[in-house]
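S.K.: pasted the sequence and its predicted model underneath.
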Amino acid sequence: MEAINQLLEIFPYAVLGSILAGIVCSFLGVFVVSQRVVFLGAALTQASIAGVAFSFLHLISIEGFFSSLLGIQLTENSFLHNIEPAFFSMLFAIITVLTFSQTHKQKYFTQDGILGIVFVVAIAIRIMFIQKSPVAEVSEIESILKGDILFIGSKEFYTLLVIAITVISIFILFQKQFKFVIFDPESADAHGMKSKFWLLLFYLVVGIGISLITRFVGDVFTFAYLIIPSSIGIMLGKSVIKVFFISIIVGAILPPISLLLAFKMDFSSGPMAVALAFTIFIFVLTYKKVKGS
Amino acid sequence: MAEEIITLSDVSIGYSKKIIARELTFSVCGNDFIGLVGPNGAGKTTLLKTLLGNIKPISGSIDKKDLRVGYVPQRDTVQPLLPYSVHDIVMMSRYVLMGYFKNPDKLDKEIVEESLQQVGISHLKNFHYNSLSGGQRQRVLIARALAFQPNLLILDEPTNGMDTPSHYSLLNFISNLHKEKHLAIIMVSHLLSDVANYVKKLILIDNGLFQFGEIDELLSEDNLQKAYSSEFTVKKISGEYLITSKDRS
């Protein structure tokens, strides 16, 4: 109990932020897993980090552009300082999504082949960007890039809140279209629904959501919480609504518990969150196997 | 004679600049039951996608008059991980007819119920799609196409991978659907013998060759040899076609 009080006292936004990040990831994860594009999640997290690494090169000053556009003077703690990494993170994710959306036209590549290329190239260019960064040491930048739940402050928390509300609202607003094109894009198209447009919108929302979440909580947490809670939901849910409900509950509950465990056992919060989710996944899988046999 | 609902005039079909079949000219009328037959890779899917409007013809024109197509895909292409109910899936085609932000209303629900009833699976409406047999899944996809209230139903290889009783049960069901609802149907199959005893007209497509006409006109031994470069025996026993390849002997 004392540890919980301490955690809430020292890292209140980290606890709340981890819940929000878990909710968004697990919500998007249901779509990603059911659409069988899990590897897109992996490629997007790496592309997002490469985007953040690119921002450290300071080749293009988005901050300078916006500050001159808005006619404001940048200070040390200016909010605009946070926009540049997020901007490039999103930009790289959008490029990945647009590349992925064109894969159906390719004769010589499979979708997972292209995603594999994006994945490995993103890691390579991230390393190259960091090595040429003029602002800090490689190890220092690596730790910033990887993100950490404990670094979530009030600004990050409110940004996550906006992301969560926006992403979930878009999916609720266009649930009919997403439902049909994800279930059966060929028939959706044949019945007059522009499946290419809706799938592109779907991937863009997923891409932007993943890129922003990765920025705050790191690639390991983001990818794991895209896949594991939704897989648990799919195993246990007896209807689509229940799949979402279970996924979101798992995604919301496990991160604060893992923060507490990490705090007590002196581990990093991200890997602890993944280990806990994996343990629950194995437990549910075993339960399903035993029940099924 | 029923009104023409789709007319192709000198249409060449294919992808990019590669023409798969050229100079296709035919019309589908409101009460037609057509079999689209050809071996794998002959261009059936390309013609299907052109009819559906998913691919633009390379040349020629397609005239559609108030055409609403209900499409039934190959059921193997639909394998959801999420536990969608039969009712959920049939409702999907209604989504296209609703406004962007509207939810299904009473009329949509009634039409879905009616479609389920027509294909004889009302009792399965709360079942998960994944828990159904191949034949039942195919009926769900047909119900979804019917809920779209089409004037043309296109079925892509509906009996593919089915056991013999389910195979003929489904073909009889589709035939009855055509008779009872007076619905124009195009049924795609790679097996000529599959559709010969059910449809009234045929589209034969193979290696750039295209033929369209009444089934009796096209199902002659000479014509099949021309179309498939292979010899066939065509017999009519008790009003039913029996088509066998002479290569078997």
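M.R.: That came through, no problem. Numbering: from 1, shown residues only, chains lettered A, B, ... in the order given.
S.K.: pLDDT weak spots in chain B?
M.R.: B:1, B:247-249 (pLDDT under 70).
S.K.: which parts of chain B sit against chain A?
M.R.: Residues of chain B lying close to chain A (CB under 8 Å from any CB of the partner chain) are B:52, B:54, B:69-73, B:77-78, B:80-85, B:88-89, B:92-93, B:95-96, B:98, B:100-101, B:141, B:144-145, B:148, B:154. Bear in mind the C-beta positions are built from the backbone N, C-alpha and C, glycine included.
S.K.: just those residues: which are in strands?
M.R.: Members of those lying in strands (criterion: DSSP state E): B:69, B:70, B:71, B:72, B:154.
S.K.: if we can go back for a sec, so which of the residues of chain B next to chain A are in helices?
M.R.: B:52, B:88, B:89, B:92, B:93, B:95, B:141, B:144, B:145 (DSSP state H).
S.K.: so what's whatever residue of chain A ends up closest to chain B up against?
M.R.: The nearest approach of chain A to chain B comes at residue A:190, 3.6 Å away (CB to the nearest CB). Residue A:190 is in contact with B:52, B:54, B:69, B:71, B:73, B:154, counting by CB atoms under 8 Å, 6 or more residues apart in numbering or on different chains.
S.K.: buried members of the residues you listed into ChimeraX, please.
M.R.: One line in ChimeraX is enough to select the buried ones among the contacts of residue A:190; burial here means 16 or more other CB atoms under 10 Å in any protein chain shown:
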select /B:52,69,71,73,154
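S.K.: ok, so of the contacts of residue A:190, who is nearest chain A?
M.R.: Among these, residue B:71 lies closest to chain A (CB to the nearest CB), at 3.6 Å.
S.K.: quick one on the thing from earlier: among the residues of chain B next to chain A, which ones are buried?
M.R.: B:52, B:69-73, B:78, B:80-85, B:88-89, B:92-93, B:95-96, B:141, B:144-145, B:148, B:154.
S.K.: which residues in chain B form strands?
M.R.: With DSSP E as the criterion, chain B has strands spanning B:4-15, B:18-29, B:33-37, B:59-64, B:69-72, B:152-156, B:184-189, B:201-206, B:209-214, B:232-237, B:240-245.
S.K.: dump those into JSON lines; add distance to residue A:204 as well.
M.R.: Shown next, in JSON lines, are the strands of chain B (distance: least, CB to CB, whole Å):
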{"stretch": "strand B:4-15", "distance to residue A:204": "26"}
{"stretch": "strand B:18-29", "distance to residue A:204": "31"}
{"stretch": "strand B:33-37", "distance to residue A:204": "37"}
{"stretch": "strand B:59-64", "distance to residue A:204": "32"}
{"stretch": "strand B:69-72", "distance to residue A:204": "27"}
{"stretch": "strand B:152-156", "distance to residue A:204": "30"}
{"stretch": "strand B:184-189", "distance to residue A:204": "34"}
{"stretch": "strand B:201-206", "distance to residue A:204": "38"}
{"stretch": "strand B:209-214", "distance to residue A:204": "41"}
{"stretch": "strand B:232-237", "distance to residue A:204": "53"}
{"stretch": "strand B:240-245", "distance to residue A:204": "51"}
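S.K.: so for residue A:8, which of these sits nearest?
M.R.: strand B:69-72 (54.9 Å; CB to CB).
S.K.: other SSEs contacting the closest one?
M.R.: helix A:185-190, helix B:44-52, helix B:134-147, strand B:152-156 (3 or more CB pairs under 8 Å, 6 or more residues apart in numbering or on different chains; DSSP states H and E).
S.K.: contact partners for the residue most central in space within chain B?
M.R.: Central residue of chain B (CA atoms, centre = their mean): residue B:155, 2.4 Å from the mean position. Residue B:155 is in contact with B:72, B:142, B:174, B:185, B:186, B:187, B:188, counting by CB under 8 Å, 6+ apart.
S.K.: between those residues, which is nearest chain A?
M.R.: Using CB to the nearest CB, those come closest to chain A at residue B:72, 7.9 Å.
S.K.: what sits closest to that closest one if chain neighbours are left out?
M.R.: Spatial nearest neighbour of residue B:72, excluding adjacent residues (CB to CB, 6 or more residues apart in numbering or on different chains): residue B:155 at 4.3 Å.
S.K.: and residue A:71, what pLDDT?
M.R.: Listed pLDDT for residue A:71 reads 69.
S.K.: can you name the residues that contact residue A:125?
M.R.: Contacts of residue A:125 by CB under 8 Å, 6+ apart are A:50, A:53, A:54.
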